[in-house]
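Trainee: This is a predicted model, with the sequence first.
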Amino acid sequence: TLVSGILGLLKNHSVKLLTGTARFLSGNEVIVEQEEGQVHVSAANIIIATGSKSAGLRIPGVQLPQVMDSREALSLKKLPSSITIIGGGVIGMEFAFIYHSLGVSVQVIEYLEGILPMVDKDISGRLRLIAERKGILIQTGARVSRIENGLNQEAVVIYEKDGKEALLYTLSNKNGMEISVTDYGAHLVSVLVPDKDGKKRDVVLGFDSVTGYETDGSHFGATIGRNGNRTKDAQVVIDGHVYQMEKNEGENNLHSGSEGYSNIIWDASVDEDGNSVSFHHVGADGEQGLPGTFDITVTYTLTMENEVKIHYEGTSDKDTIANMTNHGYYNLAGHAAGKIEDHILWLDADAFTPVGQGMIPTGEILPVEGTPMDFRAAKSIGADIEADYEQLKIAGGYDHNYVLNNSNGTLRKIAEVTEPESGR
């Protein structure tokens, strides 16, 4: 319906602003207020195609003239000789195909590598391939941003809840590596890494909209806290007092329950000099059933050495539980590449903690020697995963804690994983 309606308008040599308003502010910053799928046309033949609500859009290095409101857009009578479409998602590509078929020169400025709200990454990727074959220029160098003077950090609104906006932040470096994080759950949304041939792929699993993170129980890329993993009987004993947590996995607690940190909108701040984004939260005494007012900051940093650093720092005014982690799922061949059994893993660990039913550790520490759990010599993850071994059967594969060697508190390398085909 959207496409046929637009075609009808173009046949009459007019360009119609569907609904909503767009207004010019100052410099090269434009505020676009719209509902999902609406399109705004500027006087300079720029179309902004995005599914975000109240998205503050800014193109670094591009001076945007005034964007027309709906009445001004309706007054256009002639097709332009060329247009630039900002946003490489499904809606933006539909507009590109339509204008191209009518003889208009089309350029698409894509932002966030097709990772747009409510847009399927695989669908938008296939559309981009078709566009390139048709001679439509796809420009990925320009970025969309809400950060003044930011060369390496960008942000777009992707969600709103209880009056608070969630933003998607992108950090990049000169090597072509990018990571995207959001203040909804302090999630790590994407990590784009060049392979041995310079081809970039997203190597973490995630969703293109917050809805996926809200409804899926996999915790893709989530910040987990206060306590990661399972708590038996959903109870902890601190200073002789029993604290009852939510039972959200049978009789046990998993990842701190429905009030876990993966479900909140954090307060975000950007350090442009350090190329990092920090997320801050103050948990009240009794949050998740645990004692103490807990003040926690999680910082994501992308370095010039292609390192992704995740730093946790927190304080509590009472003794409490603090066992935080990032719940990222990685596939170094690319998020859509399938299984990871061919990844090569090395772990500096002589022992692991076996689990019983419900995946609760038994309290034992067992040696890896002579078992499929041994990764002290690098081997593929799939080499022994089908072995007739009780712990692999209980967990349905590897889902265990390893006891690291020489745990003396110093920072050192304790694990390595590689994917042979991509060289990542």
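Mentor: Structure's in. What do you need? As the structure is a prediction and not an experimental result, all values here were calculated from the model. Numbering: from 1, shown residues only.
Trainee: Name the secondary structure element that contains residue 190.
Mentor: Applying DSSP states H and E as the criterion places residue 190 in strand 187-194.
Trainee: contacts for that strand?
Mentor: Contacts to strand 187-194, defined as CB atoms under 8 Å, 6 or more residues apart in numbering, come from residues 113, 115, 168, 175-182, 200-204, 206-207, 213, 220-223, 262, 300, 306, 308, 310, 326, 328, 330, 332, 335, 424. Quick note: C-beta positions are derived from backbone N, CA and C, even for glycine.
Trainee: how about 6 Å then?
Mentor: The contact list for strand 187-194 (CB atoms under 6 Å, 6 or more residues apart in numbering) reads 115, 176-182, 200, 202-204, 206, 221-222, 326, 328, 424.
Trainee: go on, stretch 416-424?
Mentor: Taking CB under 6 Å, 6+ apart as the rule, stretch 416-424 contacts 193, 195, 196, 332, 333, 343, 344, 345, 346.
Trainee: Would you format those as TSV with pLDDT included?
Mentor: Formatted as TSV, the contacts of stretch 416-424 follow (pLDDT from 0 to 100):
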residue	pLDDT
193	93
195	92
196	92
332	97
333	95
343	98
344	98
345	98
346	98
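Trainee: could you dump these to a markdown table with distance to residue 405, neighbour count and secondary structure?
Mentor: Supplementary listing: the contacts of stretch 416-424 in a markdown table, determined by distance: CB to CB, whole Å; neighbours: other CB atoms under 10 Å; DSSP: H, G, I helix; E, B strand; the rest coil:
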| residue | distance to residue 405 | neighbour count | secondary structure |
| --- | --- | --- | --- |
| 193 | 28 | 21 | strand |
| 195 | 31 | 17 | coil |
| 196 | 31 | 9 | coil |
| 332 | 25 | 24 | coil |
| 333 | 29 | 20 | coil |
| 343 | 22 | 18 | coil |
| 344 | 19 | 16 | strand |
| 345 | 16 | 16 | strand |
| 346 | 12 | 16 | strand |
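Trainee: wait, which of these is closest to residue 281?
Mentor: Residue 281 lies nearest to residue 193 out of the contacts of stretch 416-424, by CB to CB, at 28.5 Å.
Trainee: Now do the phi/psi pair for the residue nearest to residue 283 when sequence neighbours are not counted.
Mentor: With sequence-adjacent residues excluded and distances taken as CB to CB, 6 or more residues apart in numbering, residue 283 is closest to residue 294, at 4.1 Å. Main-chain torsions, residue 294, degrees, to the nearest 10: phi -110, psi 120.
Trainee: Please work out how many residues are found near residue 294.
Mentor: Each residue near residue 294 was counted by other CB atoms under 10 Å, and the total is 24.
Trainee: Can you dump the C-alpha atoms of the strand holding residue 190 in CSV for me?
Mentor: The C-alpha coordinates for strand 187-194 follow below in CSV (Å, rounded to 0.1, in the frame of the first residue of the first chain):
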residue,chain,number,x,y,z
HIS,A,187,23.0,-3.9,25.8
LEU,A,188,25.9,-4.6,23.4
VAL,A,189,23.8,-4.6,20.2
SER,A,190,26.4,-5.1,17.5
VAL,A,191,30.2,-5.4,16.9
LEU,A,192,31.2,-4.9,13.3
VAL,A,193,34.7,-6.3,12.6
PRO,A,194,36.6,-6.5,9.3
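Trainee: Show me what secondary structure element comes after that strand.
Mentor: Assignment by DSSP H and E places the next element after strand 187-194 at strand 200-202.
Trainee: Which strands border that next one, and is each parallel or antiparallel?
Mentor: Sheet pairing here is set by DSSP bridges, and for strand 200-202 it gives strand 187-194 (antiparallel).
Trainee: how close does the closest residue to residue 200 other than its chain neighbours sit to residue 386?
Mentor: Distance criterion CB to CB, 6+ apart; nearest residue to residue 200, sequence neighbours excluded, is residue 192 at 4.7 Å. The gap separating residue 192 from residue 386 is 32 Å, by CB to CB, to the nearest Å.
Trainee: if you count what's nearby, which of these two comes out ahead?
Mentor: The residue with more neighbours, out of residue 192 and residue 386, is residue 192; 21 against 11, by other CB under 10 Å.
Trainee: Could you check how far the more buried one is from residue 334?
Mentor: In this view, residue 192 and residue 334 are 10 Å apart by CB to CB.
Trainee: again with residue 312
Mentor: Separation of residue 312 from residue 334 (CB to CB): 28 Å.
Trainee: So between these two, which is more surrounded?
Mentor: The neighbour count for residue 312 versus residue 334, taken as other CB under 10 Å, is higher for residue 334 (18 against 14).
Trainee: The spatially closest residue to that one that is not a sequence neighbour pairs with what?
Mentor: The shortest distance from residue 334 to any non-neighbouring residue, by CB to CB, 6+ apart, is to residue 201 (3.6 Å). Residues in a beta bridge with residue 201, per DSSP bridges, are residue 193.
Trainee: Could you report the neighbour count for residue 201?
Mentor: Counted with other CB under 10 Å, residues neighbouring residue 201 total 20.
Trainee: Could you do residue 203 as well?
Mentor: Using other CB under 10 Å, residue 203 has 22 neighbouring residues.
Trainee: Same check on residue 309?
Mentor: Neighbour count for residue 309, taken as other CB under 10 Å: 11.
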